[in-house]
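Chemist: fold the following.
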Amino acid sequence: MTSDDDVVTIDDIKRARDIIMASPLKVRKTPLLKNMTSYFPELDPSLNLNMKLESLQSTGSFKIRGVANQMASLPEEVKSGEKKLITMSAGNYGKAFAYTLDKLSLSGLCLMPLTAPSSRIALIKSLGCDVAIHPSHELETAISQYVRHNFFNLDPIDDQSYIAGCGSVALEILEDDVSPDVVVVCCGGGGLVSGVAAGIRQSGLTDCRIYAVEPEGSRTMYESFRKGEPVTMAVNSVATGLSPPYAGNLTYRCCRKYVEDVILVSDEEILTCMSRLFDIGLKAEPSGCAAMAAILNNKIPDVAGKNVVVLITGSNVTLSEMSSYIK
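Modeler: As a prediction, this is how the structure comes out:
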């Protein structure tokens, strides 16, 4: 199921998977926990719940998949050191970016919003990456200014290579002998859900329903679906990794084609889900819990008797942060 207007094709995703698994960045095939329904008594017992743990990925989130694929096609002036790399991130993409720069001996700068947790800022700096802090609504303008001064922008949202790299998750799900009826994925800028949705649907599961899940306070893709075009808006959520101030053009196009709908969850639902996962021995950050929060709060329609795959996307949360979140 492909056409000329596809943002990424299944061949793009397969090539990306080969590239990132052969890279020196230690990208892993992450576990898929099957038949997990009994761990959550609040769920309909006929639902077959499967949990894909990108929280156990290298650097603690799925982001390294996209970054590794982006790094494979850097222009020569970046490889030679003539230009430095720049990106923006609230945490997980920045961590993957900084980790990659360190491994590949490259120089770069990460712009971070004022809302970024101090622990993430310190971590990215500890990996040798420079950091500059800006208000969220000024990040895009700041990136443009740096690009005019000999920086090369590595887009953390709206980049075909990044989306294709994230789509490698879909191939792993299918290789684990799960034929999902429903796949539920968190959504910030939309790179992960775009890649996963394209990968699942173009692999032949044309009836599989893919849902994107956003925090109520950071609902850029939700509002983009309602408006019919990508929107920019003020955002605020405990799930800072799901809170870019805009939806990407490419990710919006891909989501419109392959995503059934965008579901909203509250910060309270996200934190309650984090606690529930911790109770069964799984560590996840707030941003990593959004998709599972939608399942636990019965926000995904028609899941009774269905094979459901939920992505747990990140584990970058400190013990002190967890203790402040979980009451």
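Chemist: only C-alpha atoms from now on, for both contacts and neighbour counts.
Modeler: Noted.
Chemist: right, and residue 311 touches residue 185 too?
Modeler: Yes. Using CA atoms under 8 Å, residue 311 is in contact with residue 185, at 5.5 Å.
Chemist: compare the two and say which is more crowded by neighbours.
Modeler: Shown here are residue 311 and residue 185; by other CA atoms under 10 Å, residue 185 has more neighbours (30 against 25).
Chemist: helix, strand or coil for that one?
Modeler: Using DSSP: H, G, I helix; E, B strand; the rest coil, the structure places residue 185 in strand.
Chemist: equivalent analysis for residue 263, please.
Modeler: What three-state DSSP gives for residue 263 is strand.
Chemist: pretty sure it contacts residue 222?
Modeler: Yes. Under the criterion of CA under 8 Å, residue 263 makes contact with residue 222 at 7.4 Å.
Chemist: okay, and the common contacts of these two?
Modeler: Common neighbours of residue 263 and residue 222, counting by CA atoms under 8 Å, 6 or more residues apart in numbering, are residue 214.
Chemist: burial of residue 302, as a residue count?
Modeler: Neighbours of residue 302 using other CA under 10 Å come to 11.
Chemist: renumber starting at 39 from here on
Modeler: Right, with 39 as the first residue, what we last looked at is residue 340.
Chemist: how close does it sit to residue 246?
Modeler: 12 Å (CA to CA, to the nearest Å).
Chemist: residue 216 is in contact with residue 246, correct?
Modeler: No. Distance between residue 246 and residue 216: 11.8 Å, which falls outside the contact criterion (CA under 8 Å).
Chemist: who's more crowded, these two?
Modeler: More crowded of residue 246 and residue 216, by other CA under 10 Å: residue 246, with 20 against 15.
Chemist: if I look at the more buried one, how far off is residue 346?
Modeler: Relative to residue 346, residue 246 is positioned 10 Å away (CA to CA).
Chemist: next, show the common contact partners of these two.
Modeler: Common neighbours of residue 246 and residue 346 (criterion: CA under 8 Å, 6+ apart): 218, 219, 220, 221.
Chemist: which one of those has the most neighbours?
Modeler: Neighbour counts for the shared contacts of residue 246 and residue 346 (other CA under 10 Å) peak at residue 221, which has 26 neighbours.
Chemist: so, low pLDDT: which residues of the stretch 89-238 of the chain?
Modeler: Scanning the stretch 89-238 of the chain for pLDDT under 70 picks out nothing.
Chemist: which parts of it are strands?
Modeler: With strands called from DSSP state E, counting those that start in this stretch, the stretch 89-238 of the chain shows them at 122-126, 146-151, 168-172, 189-191, 220-224.
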